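Q: Sequence first, then the predicted structure, then my questions.
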Protein chains: 2
Amino acid sequence: MTQTTLTEPTKLGRKRDHTRDPEILDAALDVLAETGYDGMTIDMVAARAKAGKATLYRRWPSKNELVIDAVACMKSNGIDYDNLPDTGTLRGDLIAMVKPPSIRDADRKMKVMAAIVSMLAGNPELAETAHQALIQPRAAVNRIFFQRAIDRGEIAADVDLTMLCLIGPAMAAYRTLMLRKPVDREYLVAIIDKVVLPAAGVR
Amino acid sequence: MTQTTLTEPTKLGRKRDHTRDPEILDAALDVLAETGYDGMTIDMVAARAKAGKATLYRRWPSKNELVIDAVACMKSNGIDYDNLPDTGTLRGDLIAMVKPPSIRDADRKMKVMAAIVSMLAGNPELAETAHQALIQPRAAVNRIFFQRAIDRGEIAADVDLTMLCLIGPAMAAYRTLMLRKPVDREYLVAIIDKVVLPAAGVR
DNA sequence: TATATACGGTACTCTGGAGTTCCGGATCTA
DNA sequence: TAGATCCGGAACTCCAGAGTACCGTATATA
C-alpha cells in the first residue's frame, strides 16, 4: 500500500497552480525595480501578487532564487525575433527598434539592472542570468542588423561588430543609471545618428 | 564662570583628531567597493580603519552621511587639472589620459559606482554627490580636449560635445558593470579609435 | 470518505546590523 | 589638579526582514 514505486511517484493532494508563477515573478520585478534588491522584501512581493508568503517559499527556496527566476523571465521581453524590422538600410533597422513598446519595458529593464548591479560581483548565477536576459538579447539584435549591412556592402566588413553592438545599450544605460535622465526616442535617435552610424563608417 | 558667551564657545577636553578623517573615509570606500552599500557595515569600516565605532558616529550621524562624504572625497582623484596633457591632437590628448594611475583608481571608482547605483533613485543628496565626484570630472576633461580640437579646426564646430564626452565613460562603465569584463588600456584605446574619433568626425 | 497538499493569511522565531552606552586611558583647557 | 572630551574597544538595545509554522479552506487522489 505504502509502496511508492520509484518509477511512479504519484502526487497526492491539491496541485500547485503554476499559472500564478508569472504573476508572482512580475510582482517581484515591480518591487525589485522600485526598491532595489535589498529594499525588496518577500512580504512586498506576496502582497503585490495577492499571494501568501508560504506560497512563494513553496516555489522558490530563497529570495535569491526568486530574483534570479524573475530576472530570467524578462528574457526577450519586447523583442519579436521572428518579426524583426528589415528596412533595407542600417539606419532604418536601428531606428525601427526605437519604438514603444520597446521603450516602455526597457524602462523597467533599466531599473532592474540598477537594482542588481551591485549583486553581480558576488552572485555568478544572477550575473549569468542577467546577462542572458537583459544584456545579450539586445546586442544580438544589433548584431543581426550590422551583419545585414555588411552583407549589403553598406558598411565595411572589417568593423568591430562586438563594439558597435554595445554602443547603444552602453549609452542608454549610462544616461539612465548614472545621469538619471530619461532615455526618450529623441535621445536614442541622436545616439544612432551621432555615434553608432559614424562609428560604423556609414557614408 | 559657566558663562558660555555666544561669541566664544571655547571647546573643552581633548580635541578631535581630524587627520583620521581621510583614513576612515578611505576605509569606507574600500568596504563600499568590496561589499556594496547594504553589505557594508559600520563595524567593517571601523575595523578596517582601526577605529572605534563610536569614533565614526561622533563624526557622521549615520551610515548614509558617511557614504556621502566618502564618495565626495573621491572627487578628481587621479586627475591633475593643472597638468592636463596637451599633445596637439585630439587622439593624443585622449590616449594620454589612458594611463596608470588613471586606470588604477578608476577601478575602485567603478566598484563604488556599482555599489551605489541602486541608491541614487531614492537618495538625491547621494546622487548629486556621486555626479560631482564620479561623473562630472571625467566628462569635463573630455570637454576640454574636444573644445581644443574645435579651436584647432581638427573637428567640426557643430559636433554634440555633451554626447561625445559621454561615449568613453559610458562604454567603460557598461563593460565593467554589465559585462563584468576588465577595462584595460587596449579596450580604452579601441573605444577611442573605433567609436569616439569616428563620432567626432576626425579625418 | 479519508488523506494529502495547495491556497491566502497571520503569527511566530531568529539573525544581523544600525545606533547607543559605557569602559579605561589619553589629551586638552581652566 | 579637575573636568571635559577625545580615543579604541566591547557590550548593549532595538528593529526589520528572512524564513518557518500553523490556521481554516479548497482541491486533488485512492
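A: Alright, I've got the coordinates.
Q: Could I get the pLDDT score of A:T7?
A: Model confidence at A:T7, given as pLDDT, is 45.
Q: How about the contacts made by A:L29?
A: Listed by Cβ atoms under 8 Å, 6 or more residues apart in numbering or on different chains, the contact set of A:L29 reads A:A70, A:V71, A:C73, A:M74, A:R108, A:V112. All C-beta spots, glycine's among them, are computed from the backbone N, C-alpha and C.
Q: and the helix or strand encompassing the fifth one, is it in reach of chain B?
A: The reference is to A:R108. With the criterion set as DSSP states H and E, the secondary-structure element containing A:R108 is helix A:102-120. Yes: in terms of Cβ under 8 Å from any Cβ of the partner chain, part of helix A:102-120 sits within range of chain B, namely A:K111, A:M113, A:A114, A:A115, A:I116, A:V117, A:S118, A:M119, A:L120.
Q: Just the buried positions in that helix, please.
A: A:102-103, A:106, A:108-120 (16 or more other Cβ atoms under 10 Å in any protein chain shown).
Q: Then stretch A:140-149?
A: Judged by neighbour count using 16+ other Cβ under 10 Å, the buried positions of stretch A:140-149 are A:V141, A:N142, A:F145, A:F146, A:R148, A:A149.
Q: any residue of the helix or strand where A:T129 lies up close to DNA strand D?
A: Using DSSP H and E, A:T129 sits within helix A:124-130. No: residues of helix A:124-130 contacting DNA strand D under Cβ under 7 Å from any atom of the strand: none, with a closest distance of 14.0 Å.
Q: Would you mind writing the CA trace of that helix as PDB?
A: The C-alpha atoms that make up helix A:124-130 are tabulated as PDB, following Å, rounded to 0.1, in the frame of the first residue of the first chain:
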ATOM      1  CA  PRO A 124      27.700  34.400 -10.500                       C
ATOM      2  CA  GLU A 125      24.300  32.700 -11.100                       C
ATOM      3  CA  LEU A 126      22.500  36.000 -11.100                       C
ATOM      4  CA  ALA A 127      25.200  37.600 -13.200                       C
ATOM      5  CA  GLU A 128      24.800  34.900 -15.800                       C
ATOM      6  CA  THR A 129      21.000  35.100 -15.800                       C
ATOM      7  CA  ALA A 130      21.100  38.900 -16.100                       C
END
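Q: Nearest the geometric middle of chain A, what residue?
A: Within chain A, the residue whose C-alpha comes closest to the C-alpha centroid is A:L134; the distance, by Cα atoms, centre = their mean, is 3.0 Å.
Q: so where's chain A uncertain?
A: Low-confidence segments of chain A, defined by pLDDT under 70: A:1-9.
Q: Any residues of it in contact with DNA strand D? List them.
A: Taking Cβ under 7 Å from any atom of the strand as the test, the list of chain A residues beside DNA strand D reads A:10-15, A:39-43, A:52-54, A:57, A:62-64.
Q: Give me the PyMOL select line for those, limited to the buried ones.
A: Of these, the buried ones go into a single PyMOL selection, burial set by 16+ other Cβ under 10 Å:
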select buried, chain A and resi 40+42+63
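Q: give me the subset of the residues of chain A next to DNA strand D touching chain B.
A: Filtering the residues of chain A next to DNA strand D for neighbours of chain B using Cβ under 8 Å from any Cβ leaves A:G39.
Q: which bits of chain A sit near DNA strand C?
A: Proximity of chain A to DNA strand C, by Cβ under 7 Å from any atom of the strand, involves residues A:11-17, A:20, A:46, A:50-55, A:58-59.
Q: one step back: which of the buried residues of stretch A:140-149 sits closest to A:A170?
A: Ranking those by separation from A:A170, with Cβ to Cβ as the measure, puts A:N142 on top at 11.3 Å.
Q: which element is that closest one on?
A: With the criterion set as DSSP H and E, the secondary-structure element containing A:N142 is helix A:136-152.
Q: Distance from the chain centre to that helix, please.
A: Centroid displacement of helix A:136-152 relative to its chain, using Cα atoms, centre = their mean, to the nearest Å, is 18 Å.
Q: Does that helix pack against any helices or strands, and if so which?
A: Secondary-structure packing of helix A:136-152 (3 or more Cβ pairs under 8 Å, 6 or more residues apart in numbering or on different chains; DSSP states H and E): helix A:90-96, helix A:161-173.
Q: For the helix or strand that A:D69 is a member of, list the C-alpha coordinates in PDB.
A: Assigning secondary structure by DSSP H and E places A:D69 in helix A:63-72. These are the backbone C-alpha positions of helix A:63-72, laid out as PDB (Å, rounded to 0.1, in the frame of the first residue of the first chain):
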ATOM      1  CA  LYS A  63      14.800  35.400  -2.000                       C
ATOM      2  CA  ASN A  64      17.800  35.000  -4.200                       C
ATOM      3  CA  GLU A  65      16.300  32.200  -6.300                       C
ATOM      4  CA  LEU A  66      13.100  34.200  -6.700                       C
ATOM      5  CA  VAL A  67      15.000  37.200  -8.000                       C
ATOM      6  CA  ILE A  68      17.100  35.000 -10.400                       C
ATOM      7  CA  ASP A  69      13.900  33.500 -11.800                       C
ATOM      8  CA  ALA A  70      12.200  36.900 -12.100                       C
ATOM      9  CA  VAL A  71      15.100  38.300 -14.000                       C
ATOM     10  CA  ALA A  72      15.300  35.300 -16.200                       C
END
